[in-house]
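>>> Below: sequence and its predicted model.
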Amino acid sequence: MSRLSYIFFCILVAAMQACSKTEMSPVPQPVELEVPANFPVPPSMPDNPLTREGIELGRRLFYDKRLSGNNTISCASCHSQSLSFSDGVALSQIGVSGSILHRHAPALLNMAWANNGLFWDGGSTNLESQAFAPLANRDEMNQELYELVNELKAVPDYVNRFREAFNDPEIKTGSIVKALAQFQRTLIAGQSRYDKFRRQEPGATLTVQEREGLQLVQSKCMGCHQGELFTDNRYHNNGIDQDFSDASLEGLFQGRFRISYDPADLGSFKTPTLRNVMLTAPYMHDGRFATINAVLDHYSSGVLSSPSLDPLMKQNGGMPGIPLSNSEKQSIIAFLKALTDESFISNPRFSNPH
Amino acid sequence: MKKIIYMAAFAAVLASSCKKETVISEHDGELTLSFDAKAGTGDFALNQDITIGTRTYNFKSLRYWVSNVVLVKSDGTEYAVPESYYLLEETGPVVVQEGDYTYPAKKREDVVLKNIPMAEYKAVKFSIGVDATHNDNLSLQAGELSQLSGMTNVSWMWHTSYIFTSLQGTVKEGATSKTFLAETGVNTNYKTLSLNLPSAMRVSSAKSAKITLDVDVAKAIDGIDLIATPTIGASQASVMATLADNYATKAITVTIAK
């Protein structure tokens, strides 16, 4: 190297070292949700944009038993992919305390659209805040949050992944729940036979009975199970109980009333989606109905009257109930089967990475 | 020629380095907000019988979030203090996560604000509680906001949000005695105060500035019967609103600014 070029080399190095803030800090890669063509546009989440790194970190956390206090259960223990991220039991008792829970584990699908409250009574505004409850609750994961941060810090792979996903050298509880939320927002189920029929994909058909079921759902159930998501994300008293005087356990049995304190919300719970419903038995906020037949029997002939009963439940000449004949029930069930997205439960992007 | 090249190199290095502004003698300064807890005319203290009106109170804990501090200059322009979420408290140990973790006993009345633009100020604004953006999303951790302070509702399966203010203790009148817990929360009870300073106050590096505020719990519970309603929270929406209004309109006053 000649003297002159050496000098220029020095200048170049000095210039590069000055103001070295712009050095190669890896930027997480933005990800667009793959939204099925018949779905609405998902609400934006500017506080927690989806990134490839954040989603993958969230998936790893979702399946990691470190997230429970005694490292025995992960989120997936009660939200199993094979059951559309539900658990198949009415009320779980696999939590850290072994006590029976008061609420049925909800299925996780199409969460990117769930912008009107999480939990059966909607007490949490978004997936980020929601995650703290199962993590911290003594009867669920019973995780001391400081301890969780320390456990994750001890794993070099997590340290790297958190840094890459959030451009933050520190692992924070806020980042843990953000990553979990990002992963959950990618859990989109929209590849059922119904969807392909709806999108007029080549060869997609529904049987006569399935079409009849679709029409029945549209005429009798769409008040709550609205639109292509088959939920209005709202809260309704569907007449499974009629006495809401028991205010114990901080209003647990009073439905959304415990959040809103509006008497019209007594006994109201969140509308679950009908998508993948044949995978997510048992049903209702407490899992009281073991089968879809029991659910249809309830709506047809078991709806109980109370002042807060949703008027949508009175389709029997103004009286409670949504009368359905046996053959109508069978058609509805045939349609609900066509609403199952089989690819959702085998999608490797949603499965256990460990 | 060599000399010229060396000089050019030197100049290039100088030009490309991140140079700090020249230091001047007086610059941005520090301001302390001191929230002095009172119980009527006397000082607020824990575990002591304090008489307010006809009742005897024995306080166990006073905690509240002060957030989004804005300083108003004498020319009317405003300076919003970034990341300003502070937990003010005088409390014994606080059980968090149903006993998994204990937040230690603490007394904290001072908030030290750094890098406050050098200027003359005439008023201060701040809020009691946590704004809806942060209250609705516990993953947004600004300032001192934390899920682990015992000032959030997370360990049970319903409202995941912040507790804005919390006052605990016992109240006695004659033979009647009640343990009370008076809390505020939910977005409608997020209240902003705007308080004029007794006189304009200069903040700069030349001297430390301090605004002293009285926080009178007697005024916070004014008009609220804690024997009749010993538990104030989301289930007593109207009493909770009164309590939140009291914090915003009566309980907190500026006494000294210098």
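Received it, and whenever you're ready, just let me know what you need. Numbers count the residues shown, from 1 in each chain, chains lettered A, B, ... in the order given.
>>> Can you check the pLDDT for the nearest residue to residue A:169 once chain neighbours are set aside?
Distance criterion CB to CB, 6 or more residues apart in numbering or on different chains; nearest residue to residue A:169, sequence neighbours excluded, is residue A:163 at 5.9 Å. (Glycine included, C-beta is placed from N, CA and C.) Note for residue A:163: predicted pLDDT of 97.
>>> Repeat that for the one 5 residues further on.
Each residue has a pLDDT score; the one for residue A:168 is 92.
>>> That one reaches residue A:162, doesn't it?
Yes - Residue A:168 is in contact with residue A:162 according to CB atoms under 8 Å; the separation is 6.9 Å.
>>> and the two? which has more neighbours close in?
Set side by side, residue A:168 and residue A:162 show more neighbours around residue A:162, with 26 against 12, by other CB atoms under 10 Å in any protein chain shown.
>>> Kindly provide the distance from that one to residue B:83.
21 Å (CB to CB, to the nearest Å).
>>> can you give me the strands for the stretch 101-250 of chain B?
Using DSSP state E, counting those that start in this stretch, the strands of the stretch 101-250 of chain B run over residues B:101-103, B:106-108, B:110-116, B:119-128, B:152-153, B:161-173, B:176-185, B:191-203, B:209-216, B:231-232.
>>> quick one: contacts for the residue nearest to residue A:79 when sequence neighbours are not counted?
Nearest residue to residue A:79, sequence neighbours excluded (CB to CB, 6+ apart): residue A:85, at 4.0 Å. Residue A:85 sits next to A:76, A:79, A:107-109, A:187 when contact means CB atoms under 8 Å, 6 or more residues apart in numbering or on different chains.
>>> and the closest residue to chain B within the stretch 251-354 of chain A, what does it touch?
Residue nearest to chain B within the stretch 251-354 of chain A (CB to the nearest CB): residue A:261, separated by 5.5 Å. By CB under 8 Å, 6+ apart, residue A:261 lies in contact with B:234-235, B:237.
>>> again with residue B:163
Counted by CB under 8 Å, 6+ apart, residue B:163 has contacts B:63, B:151-153, B:183-185.
>>> For residue 51, give the beta-bridge partners.
Just going to use chain A. In this entry, residue A:51 is beta-bridged to residue A:30, by DSSP bridges.
>>> was after chain B, sorry
Beta-bridge partners, per DSSP bridges, of residue B:51: residue B:56.
>>> dump the residue contacts of residue 70.
Defaulting to chain A. Residue A:70 makes contacts with A:96, A:142, as judged by CB under 8 Å, 6+ apart.
>>> Oops, wrong one, chain B.
B:78-81, B:124-126.
>>> Now the buried members of those residues.
Neighbour counting by 16 or more other CB atoms under 10 Å in any protein chain shown classes B:79, B:81, B:124, B:126 among those as buried.
>>> and which of those is nearest chain A?
Closest approach to chain A among these (CB to the nearest CB): residue B:81, at 20.8 Å.
>>> Which residue lies nearest the spatial centre of chain A?
Centroid-nearest residue in chain A: residue A:108, 3.3 Å away (criterion: CA atoms, centre = their mean).
>>> what pLDDT does the residue nearest to that one when sequence neighbours are not counted get?
Distance criterion CB to CB, 6+ apart; nearest residue to residue A:108, sequence neighbours excluded, is residue A:85 at 3.6 Å. Turning to residue A:85, the model gives it a pLDDT of 98.
>>> how close does residue A:85 sit to residue A:344?
9 Å.
>>> Can you pull the residues that touch both of these two?
A:109, A:187.
>>> picking up where we left off before, would CSV of the strands of the stretch 101-250 of chain B with distance to residue B:41 and mean pLDDT be doable?
Shown next, in CSV, are the strands of the stretch 101-250 of chain B (distance: least, CB to CB, whole Å; pLDDT from 0 to 100):
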stretch, distance to residue B:41, mean pLDDT
strand B:101-103, 31, 82
strand B:106-108, 20, 95
strand B:110-116, 22, 96
strand B:119-128, 23, 97
strand B:152-153, 34, 77
strand B:161-173, 18, 95
strand B:176-185, 21, 95
strand B:191-203, 19, 97
strand B:209-216, 9, 97
strand B:231-232, 24, 92
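>>> got TSV for these, with distance to residue A:329 too?
Supplementary listing: the strands of the stretch 101-250 of chain B in TSV, determined by distance: least, CB to CB, whole Å:
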stretch	distance to residue A:329
strand B:101-103	51
strand B:106-108	61
strand B:110-116	64
strand B:119-128	54
strand B:152-153	42
strand B:161-173	41
strand B:176-185	45
strand B:191-203	53
strand B:209-216	63
strand B:231-232	47
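>>> To residue B:39, which of those strands lies closest?
Of all the strands of the stretch 101-250 of chain B, it is strand B:209-216 that lies closest to residue B:39, at 7.1 Å by CB to CB.
>>> So which residues make contact with that closest one?
B:29-40, B:44, B:62, B:64, B:88, B:116, B:124, B:195, B:197, B:201-203, B:250-258.
>>> Residue A:321: neighbour count?
Neighbour number of residue A:321 under other CB under 10 Å is 19.
>>> In the chain, where is pLDDT below threshold?
The chain I'm using is chain A. Scanning chain A for pLDDT under 70 picks out the ranges A:1-26.
>>> Switch to chain B, please.
Those would be B:1-24, B:98, B:154-158, if you go by pLDDT under 70 across chain B.
>>> Tell me where it has helices.
With DSSP state H as the criterion, chain B has helices at B:2-16, B:132-135, B:217-220, B:237-246.
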